[in-house]
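Novice: Any chance you can model this:
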Amino acid sequence: MPALAKTHLVDSLCSGLSLLNASASALLEALSEPDTAKDTLAQQHYSALKAYVFFLHWIASHAEQQQKDCTARAAPAAGPAKGRTKAKKAAQINSSWDWDADREKLAKAFAGISQIDLWRLCSPSNPEEAFLMLWSQTVRAPCPLPSSVCSELGSALLQVF
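Specialist: Numbering: from 1, shown residues only. Okay, the predicted model is just below:
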């Protein structure tokens, strides 16, 4: 996938997650009294949240792995360059993705969505343990972000748990 398409994908998913955040927050404010229609809507919001977290986690883990692979390949090789030049050019184009900027977008989207009361959104049951683990793995992924973003993410993660 071209670098620009990856950036657009992350932008779209982060924007959708922010919209889900606003919608879920408004829904939770309206859930002051029991209502089966609102409970169904809350379950739909929770399902959407799980999908966003899964896709963003998948993208982040693949991007981190790709970044590690590119760093490992960047070590100078001995001797003249041999092999397929078209494949190398395609790899260079795809590796030009600015994952650091997209990582920060993802982190800010997760920090914003962490304001949602997951236990109330999942009521009467609790959030699934696998979902919480995926959430925490994505938020706690090692990343060189500015300290202000890291502290925001740390406090957001504590609020979730």
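Novice: For residue 37, the count of nearby residues, please.
Specialist: 7 (other CB atoms under 10 Å). All C-beta atoms are positioned from the backbone trio N, CA, C, and that covers glycine.
Novice: That one and residue 30, how far apart?
Specialist: Look at residue 37 and residue 30: by CB to CB, to the nearest Å, they are 10 Å apart.
Novice: Report the contact partners of the residue nearest the centre of the chain.
Specialist: Nearest to the mean C-alpha position of the chain, by CA atoms, centre = their mean, lies residue 56 at 3.3 Å. Contact analysis of residue 56 by CB atoms under 8 Å, 6 or more residues apart in numbering lists 10, 13-14, 17, 106, 109-110, 138.
Novice: Let's see which of these end up in helices.
Specialist: 10, 13-14, 17, 106, 109-110, 138 (DSSP state H).
Novice: List the buried residues in the top helix by length along the chain.
Specialist: Of all segments of type helix in the chain, defined using DSSP H, the longest is helix 36-73. Neighbour counts over helix 36-73 (16 or more other CB atoms under 10 Å) mark 41-42, 45-46, 48-50, 52-53, 56-57, 59-60, 63, 66, 70 as buried.
Novice: From these, pick the one nearest residue 131.
Specialist: residue 50 (5.5 Å; CB to CB).
Novice: so what pLDDT did the closest residue to the closest one other than its chain neighbours get?
Specialist: Leaving aside its sequence neighbours, residue 50 sits nearest to residue 131 (CB to CB, 6 or more residues apart in numbering; 5.5 Å). For residue 131, the pLDDT comes out at 90.
Novice: right, and residue 131 touches residue 57 too?
Specialist: No: contact criterion CB atoms under 8 Å: residue 131 and residue 57 do not qualify, at 10.3 Å.
Novice: Sketch out the low-pLDDT regions of the protein for me.
Specialist: Residue ranges of the chain with pLDDT under 70: 74-95, 141-161.
Novice: 50 instead?
Specialist: 157-158, 160-161 (pLDDT under 50).
Novice: Nearest to residue 21 among the buried residues of helix 36-73?
Specialist: Nearest to residue 21 among the buried residues of helix 36-73: residue 49, at 8.8 Å, using CB to CB.
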